[in-house]
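Asks: coords please:
(chains A, B, C and D)
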2 protein chains.
Amino acid sequence: MKKNVTMADVAASCGLSRATVSRVLNRDKTVRAETCRKVYAAIERLEYHPNSLAKALSGGSTNNIAVVIPDVWKNQPYYINLIEAIEDVADSRGYHVILKRKKNMDSVYELASEKMISGAIIRNTQDCARERALFSKMDKVGIPFILIGQAYKSYPFIKVDNVGGGRTLALYFAEQNFRKVLIITGPSGHIDSIDRTAGFRMGFDEKGFDLDSIIIKEGDFSKDSGYRIASEVLPEISVDAIFAQSDRAALGVMLYCREAGIKIPEDLSLAGYDDNFFAKYLTPSLTTLQAPMFEIGTLAMEMLVRMIEDQKQPFARIILPPRLVARESTLNKSL
Amino acid sequence: MKKNVTMADVAASCGLSRATVSRVLNRDKTVRAETCRKVYAAIERLEYHPNSLAKALSGGSTNNIAVVIPDVWKNQPYYINLIEAIEDVADSRGYHVILKRKKNMDSVYELASEKMISGAIIRNTQDCARERALFSKMDKVGIPFILIGQAYKSYPFIKVDNVGGGRTLALYFAEQNFRKVLIITGPSGHIDSIDRTAGFRMGFDEKGFDLDSIIIKEGDFSKDSGYRIASEVLPEISVDAIFAQSDRAALGVMLYCREAGIKIPEDLSLAGYDDNFFAKYLTPSLTTLQAPMFEIGTLAMEMLVRMIEDQKQPFARIILPPRLVARESTLNKSL
DNA sequence: CTGAAAGCGCTTACAG
DNA sequence: CTGAAAGCGCTTACAG
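Replies: Below you'll find the predicted structure:
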């Protein structure tokens, strides 16, 4: 096993003190240019790599951050884009991403109190006690963090504008002249769902469309709930379009329609929400709303770096609009 | 800012030395039970958390490992399952996963030489000079690592059995009595593709099927290559089934067939490879081969822990078979 | 069974 | 502009 090359070796090799080598590494302005050159040469020659642990221990930080994502993130391009963006910004600024799923979230507090991480980005969901406990503990140890998806207390957060998403879809529906609409919501009390519905009504109202021609049925975002509600409503009432508040529910609607011989988009238009992986591969491909996760990840990491390096909490509460992705399932221009 | 609680505080609080507190934390057998109890009580009382940096600096390791994945991993459930498995095993053993995409791979060597990580799991692809440079540098700093996907030199690796995958599909095709088969390969010289083709021929041969009725056309795994080859071959020659060596190429075949009025699976059976996200959502859903990424991730992390903790390289060269996922696209029993 | 002391490899006032 | 020295918070032979 080769001995470690340390700062002392570099110092000895060019007849300087460790302090000076340290100054060079930290770009201290007071060091003479000539001295710098000598030090860099020695570093090169000896293949010296500073020990990040020693550095962090004596007053620095590790430049590691934790990113907490849900336990289940398959089918959700959402998180992949988020992680990609975070990882890219992190790496370019000399930070490193430690990934933890929510089930292993307790480790994040450990890492924080052990000084292994200097910040965190946490996907927050509604009303999760374990998450909230984590937030206050992180707060106590003084590690900055940013919430993604849901606001909580006055912590900095970035989330998607669900009201805006609902409204965008309503404006699009109005443009296509879809007047009679069935909305399949998420579970009762789910804030995202409530916002999407409110936004949709807002958009319809703006266009002077009749809010009474909106039928609202409670689902739970699942495929089965989409199937069930479609099978209950469609035989009774005819609608121009369905707004399923998740792509999975929209998929359920599609399966029912296929069985019932209802043609999409000829007989019925359909929109989902989330732009899951499968949305564009369905037949017909599914119109949906896509969260700008790349932008969210980028902003989150940039904010976090600022919080870590400037030691101050910017008042950051960012809400970004989702993008409408119009596909075949709403291409019925005949109405 | 609250002052840090250190080992010295714990020691003082119970009238012992730091050495003893350290021994308790490291479960040294020589400490009296009574002493242990006192120390634990003080730790609890003072909310002490050991500083992992100091610990690692004085002879320990950080318990961080790096996982290197490709730049593009959307649409590939593959990597999500891999990461999930690695993260779970890691967390349960007190390790933490630092995620890096290949483009940011240089940071992994930095992390290794800075002592920030104690191991790595690296997705290896064929003939990548940058990756190979990383391997030898990691080797030089003495950080253990495991390759996923491709063997290289005598480094430990885990990969999927592409020969076995091709063979499994051939046996399935034979069972369905698909005799005339078109194989759409990957790019020329791609080892995975070569193996899949060889395996397929092996399986066909075992069943006594005629190898001359296999037509092989070179694609590049892309959707477009699948479309192009289908459009070139199918009008000229009629086949029972197509084995596209990637789901994307299979998708291209499907698109061509839809345009050309060829019905799958009635007129033609089709199988892909990879079980991408979209495979089960296509119409018809796509028969394909699924890599056991969860098992691979679990094994890789377990092996890595052993290498880190036992300081020896197990002779680990593991090859796992993929699983056939039979779906609608090959359900033509009429042949 | 426990403690005093040296050491891990850095940084950072404090001198000069 | 540079160095000597103390300090960051642990671990680990070495004594006793």
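Asks: could I get the full set of strands for chain A?
Replies: A:64-69, A:96-101, A:119-123, A:145-148, A:157-160, A:181-185, A:214-218, A:241-244, A:269-271, A:288-290, A:317-320, A:323-325 (DSSP state E).
Asks: the third one pairs with which strands?
Replies: Sheet pairing here is set by DSSP bridges, and for strand A:119-123 it gives strand A:64-69 (parallel), strand A:145-148 (parallel).
Asks: mind checking these for the one nearest to DNA strand C?
Replies: strand A:64-69 (16.4 Å; CB to the nearest atom of the strand). Using the backbone N, CA and C atoms, a C-beta is placed for each residue, glycine as well.
Asks: tell me, how many residues neighbour residue A:213?
Replies: Neighbour count of residue A:213, defined by other CB atoms under 10 Å in any protein chain shown: 14.
Asks: ignore what I typed, I meant residue A:284.
Replies: 18.
Asks: distance of it relative to residue B:17?
Replies: 74 Å (CB to CB, to the nearest Å).
Asks: which parts of the stretch 101-250 of chain A are helices?
Replies: With DSSP state H, counting those that start in this stretch as the criterion, the stretch 101-250 of chain A has helices at A:106-113, A:129-141, A:162-175, A:191-206, A:223-233, A:247-260.
Asks: and of those, who's closest to chain B?
Replies: Of all the helices of the stretch 101-250 of chain A, helix A:106-113 sits nearest to chain B, with 3.8 Å by CB to the nearest CB.
Asks: and residue A:39, what does it touch?
Replies: A:10, A:14, A:16, A:20-21, A:24-25 (CB atoms under 8 Å, 6 or more residues apart in numbering or on different chains).
Asks: make it 10 Å
Replies: Contact analysis of residue A:39 by CB atoms under 10 Å, 6 or more residues apart in numbering or on different chains lists A:7, A:10-11, A:13-14, A:16, A:20-25, A:31, A:48.
Asks: so where's chain A uncertain?
Replies: Applying pLDDT under 70 to chain A flags residues A:1-3, A:75, A:311-315, A:333-335.
Asks: follow-up on the earlier one: could you dump the strands paired with strand A:119-123 to JSON lines with mean neighbour count and distance to residue B:83?
Replies: Converted to JSON lines, these look like this (neighbours: other CB atoms under 10 Å in any protein chain shown; distance: least, CB to CB, whole Å):
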{"stretch": "strand A:64-69", "mean neighbour count": "25", "distance to residue B:83": "10"}
{"stretch": "strand A:145-148", "mean neighbour count": "24", "distance to residue B:83": "18"}
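Asks: do you know how far residue A:205 is from residue A:163?
Replies: Residue A:205 sits 13 Å away from residue A:163, going by CB to CB.
Asks: those two: who's more crowded?
Replies: Between residue A:205 and residue A:163, residue A:163 has the larger neighbour count (other CB under 10 Å), namely 21 against 14.
Asks: that one is in contact with residue A:289, isn't it?
Replies: No: counting by CB atoms under 10 Å, residue A:163 sits too far from residue A:289 to count as a contact (11.8 Å).
Asks: common neighbours of these two, please.
Replies: Listed as contacting both residue A:163 and residue A:289 by CB under 10 Å, 6+ apart are A:196, A:321.
Asks: OK, contacts around the closest residue to residue A:160 other than its chain neighbours?
Replies: Nearest non-adjacent residue to residue A:160, counting by CB to CB, 6 or more residues apart in numbering or on different chains: residue A:291, 4.5 Å away. Counting by CB under 10 Å, 6+ apart, residue A:291 makes contact with A:76-78, A:81-82, A:149, A:159-162, A:165, A:273-275, A:320-323.
Asks: buried ones among these?
Replies: A:76-78, A:81-82, A:149, A:159-162, A:165, A:273-275, A:320-322 (16 or more other CB atoms under 10 Å in any protein chain shown).
Asks: which of the strands of chain A sits most buried?
Replies: Mean neighbour count (mean count of other CB atoms under 10 Å in any protein chain shown) peaks for strand A:241-244 among the strands of chain A, with a mean of 29.
Asks: could you work out the end-to-end span of stretch A:319-327 for me?
Replies: Across stretch A:319-327, the terminal residues are separated by 25 Å (CA to CA, to the nearest Å).
Asks: again with stretch A:148-162
Replies: Separation of the first and last residues of stretch A:148-162 by CA to CA is 14 Å.
Asks: chain center to it, what's the gap?
Replies: 10 Å (CA atoms, centre = their mean, to the nearest Å).
Asks: and stretch A:191-204, by the same measure?
Replies: 21 Å.
Asks: with just CA atoms, put it into CSV.
Replies: The C-alpha atoms that make up stretch A:191-204 are tabulated as CSV, following Å, rounded to 0.1, in the frame of the first residue of the first chain:
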residue,chain,number,x,y,z
ILE,A,191,-54.1,19.5,-2.4
ASP,A,192,-52.7,19.0,-5.9
SER,A,193,-56.0,17.7,-7.1
ILE,A,194,-58.0,20.5,-5.5
ASP,A,195,-55.7,23.0,-7.2
ARG,A,196,-56.1,21.3,-10.6
THR,A,197,-59.8,21.4,-10.3
ALA,A,198,-59.9,25.0,-9.2
GLY,A,199,-57.6,26.0,-12.0
PHE,A,200,-59.7,24.2,-14.5
ARG,A,201,-62.9,26.0,-13.4
MET,A,202,-61.0,29.3,-13.4
GLY,A,203,-60.0,28.8,-17.0
PHE,A,204,-63.4,27.7,-18.1
